[in-house]
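# Generate coordinates for the sequence data below:
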Amino acid sequence: MSRKIVVGFDGSEASRRALDFAVSRAKVLGDAIVVAHVLEWSPYSFLTPNEIEERHRRRNEELQRAEQAIIAPVLKAVEDAGVPVISVMKYGHIAETLCKIAEDEDAALIFIGRMGNSGLSSRIFGSVAGTLAQVAPVPVTIVP
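Reported below is the predicted structural model:
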């Protein structure tokens, strides 16, 4: 039975390790991959109508650049490995958005890479991996 694995991917080395691990698992188990790219965005700012229009235009440009530069090459590599793959690109809080993507795609797992930041800021504010481990609707694999 084919399942979907959501992989949080931002082009970093950590996300590449997570994708490689997910692809190796998907090949063995016959699963499909959902490459999820989330551009962080906060809705908590007060903007004029002109600023909102400009922000929307910039967001669309950023999504197009990410699609071409980050996502398209990875999709080809995953397809070449013989694994069914799609991509989803969204704006939002990374952990919350990955959870939403997992729910929308009826995914069985989420894979993400660990960035290795263990500084004071991640202890105070939390990390994406830590947040996902606590709130994800499906099991999360954090790849070192």
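# low-confidence ranges in this protein?
Low-confidence regions of the chain, defined by pLDDT under 70, span residues 1, 41-48, 52, 116-126.
# ranges for the strands of it?
With strands called from DSSP state E, the chain shows them at 4-8, 32-39, 85-91, 109-113, 140-143.
# For Cys99, find the nearest of these.
Judged by Cβ to Cβ, the one of the strands of the chain that comes nearest to Cys99 is strand 109-113, at 7.8 Å. Heads up, the C-betas are built off the backbone N, CA and C, glycines and all.
# Need the residues that contact the closest one.
The list of residues contacting strand 109-113 from outside it, by Cβ atoms under 8 Å, 6 or more residues apart in numbering, reads 3-8, 12-19, 21-22, 98-99, 102, 128-129, 132, 136, 138-143.
# at 6 Å what do you get?
With Cβ atoms under 6 Å, 6 or more residues apart in numbering as the contact definition, strand 109-113 has outside contacts at 5-8, 14-15, 17-18, 22, 98, 102, 129, 136, 138-143.
# Now render the strands of the chain as a markdown table, adding mean neighbour count and distance to Arg65.
Output for these, formatted as a markdown table (neighbours: other Cβ atoms under 10 Å; distance: least, Cβ to Cβ, whole Å):
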| stretch | mean neighbour count | distance to Arg65 |
| --- | --- | --- |
| strand 4-8 | 27 | 18 |
| strand 32-39 | 22 | 10 |
| strand 85-91 | 17 | 11 |
| strand 109-113 | 26 | 21 |
| strand 140-143 | 18 | 26 |
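# Need these in JSON lines (columns: distance to Glu53).
Supplementary listing: the strands of the chain in JSON lines, determined by distance: least, Cβ to Cβ, whole Å:
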{"stretch": "strand 4-8", "distance to Glu53": "30"}
{"stretch": "strand 32-39", "distance to Glu53": "18"}
{"stretch": "strand 85-91", "distance to Glu53": "16"}
{"stretch": "strand 109-113", "distance to Glu53": "33"}
{"stretch": "strand 140-143", "distance to Glu53": "37"}
